[in-house]
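> Sequence and predicted structure, then a few things I'm wondering about:
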Amino acid sequence: MRFLASAGRQSLRRHKAARPVLLALSLFLVGAVYAAVAPATTSSAEGAPNEQLIAQGKDLFAVNCASCHGLNAEGLAQQGAPALTNVGGAAVDFQVRTGRMPMGNPYTQAQGQGQGKQNTFSDDEINALAAYVASLGTGPDVPTEDQYSPDGLSAEDVARGGDLFRTNCSACHNFKGAGGALPNGYVAPSIENTDPAQIWEALRTGPGQMPVFASGAIPDEDVKKMIAYVEQVNATPSAGLTLGGLGPVSEGFWAWVAGIGSLVLAAIWIATRGARA
Ligand code: HEC
Ligand code: HEC
């Protein structure tokens with residue numbers, strides 16, 4: 001009897017303990033379900049600021065760009081300004097950051113940072129303009145750092161970048177990106193001081209007379225190598241006499257002639273003095 005009673009109490013106690021456990025379990029379940037559902041909720045919440053950004057970009061566009069490109073970026077033939085409905089955010093980011101847009105005179109080649117024209121928009125304004133134009137159609141997006149950053153590339157990669165640059169770019173921009181003249185008064189500007197992101201964007205959007213280099217032809221990995229090459233060739237300080245940037249081969253040749261030459265002269269001088277003494 002005593003045994004039965006205590007067994008009954010025990011099962012009762014177990015039953016009582018099960019309640020908080022069940023409660024904890026269901027709380028845990030609710031938490032898990034919430035965690036699974038939450039990302040979807042935040043991503044739709046993220047959509048709101050994006051709408052705001054696009055609206056802000058549309059306003060900025062109406063004030064700064066619509067006089068040439070039209071109120072809906074449809075392009076205005078009488079201004080020679082193209083439609084921007086399928087150029088993507090990358091084209092806007094490139095054109096505005098390098099100071100090309102808004103243009104002063106639409107009937108000449110766009111003047112950029114290489115010609116002393118500077119960007120006057122803040123990062124936020126450029127992001128808004130790019131988001132607005134990107135929302136109109138297709139085209140490359142503003143790149144993220146992992147698409148263009150040359151960090152961590154090996155010497156071999158940089159050498160490969162040099163090969164790619166000489167093959168694809170140096171005909172217009174010179175072997176180290178110093179720039180050059182093109183037919184009909186056009187200019188391929190210096191890219192020595194251009195930010196990596198804008199080099200990537202120039203390739204993908206083909207500004208002015210420059211051709212487009214799509215990712216199928218030159219993948220991001222190779223763009224990074226070219227950027228690394230341009231950075232390296234321009235980081236090498238030219239001490240004293242620059243020799244006009246003749247290139248590593250001819251500069252190496254002169255280093256050889258001057259270096260070995262002076263060693264030979266020193267040897268002769270020591271030899272003749274030694275003989276005399
Ligand atoms: C005075 C006229 C004028 C104004 C103002 C102007 N643009 Fe342009 N834009 C042009 C012309 C002309 C071209 C084509 C010539 C060229 O690309 O070099 C062009 C080209 C562009 C391109 C390149 C399109 C492509 O196919 O890659 C973009 C992007 C662009 N403009 C964006 C803007 C933005 C954004 C603004 C405002 C901040 C702006 N423009 C203001 C005249 C103008
Ligand atoms: C056919 C000649 C030509 C070739 C080839 C060419 N470019 Fe260009 N590039 C130009 C011209 C012209 C411009 C100026 C565009 C304008 O008028 O807005 C330019 C502009 C640029 C700019 C913008 C520089 C700045 O700071 O304003 C970059 C970066 C650039 N080119 C990189 C490259 C790279 C990298 C390659 C090789 C993959 C290349 N280009 C191949 C003609 C060329």
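Right, received. Where do you want to start? Ligands and ions are numbered 1, 2, ... in the order given.
> for residue 76, phi and psi?
phi -130, psi 110 (degrees, to the nearest 10).
> residue boundaries of the helices in this structure?
2-64, 66-69, 88-97, 123-134, 145-148, 155-168, 170-173, 196-205, 220-235, 248-276 (DSSP state H).
> between those, which gets the lowest average pLDDT?
Comparing mean pLDDT across these, the weakest is helix 2-64, with a mean of 66.
> does residue 228 really touch residue 150, like I thought?
Yes. Counting by Cβ atoms under 8 Å, residue 228 touches residue 150, with 3.6 Å between them. (Each C-beta comes from the backbone N, C-alpha and C, glycine too.)
> Between the two, which has more neighbouring residues?
residue 228 (25 against 20; other Cβ atoms under 10 Å).
> And that one, how far from ligand 2?
Separation of residue 228 from ligand 2 (Cβ to the nearest ligand atom, to the nearest Å): 12 Å.
> Only the buried residues of stretch 135-152, if you could.
If you call a residue buried by 16 or more other Cβ atoms under 10 Å, then stretch 135-152 has these buried ones: 136, 139, 140, 142, 143, 147, 148, 149, 150.
> Looking at these, which is nearest ligand 1?
Using Cβ to the nearest ligand atom, residue 139 comes nearest to ligand 1 of these, at 8.4 Å.
> so residue 218 touches residue 164, yeah?
Yes. Between residue 218 and residue 164 there is a contact under Cβ under 8 Å: 7.1 Å.
> just to revisit the earlier point, generate JSON lines for the buried residues of stretch 135-152, with distance to residue 178 as supplementary columns.
JSON lines is the format used below for the buried residues of stretch 135-152 (distance: Cβ to Cβ, whole Å):
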{"residue": "136", "distance to residue 178": "36"}
{"residue": "139", "distance to residue 178": "30"}
{"residue": "140", "distance to residue 178": "27"}
{"residue": "142", "distance to residue 178": "27"}
{"residue": "143", "distance to residue 178": "24"}
{"residue": "147", "distance to residue 178": "25"}
{"residue": "148", "distance to residue 178": "21"}
{"residue": "149", "distance to residue 178": "23"}
{"residue": "150", "distance to residue 178": "19"}
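> Closest one of the residues you listed to ligand 2?
residue 148 (10.9 Å).
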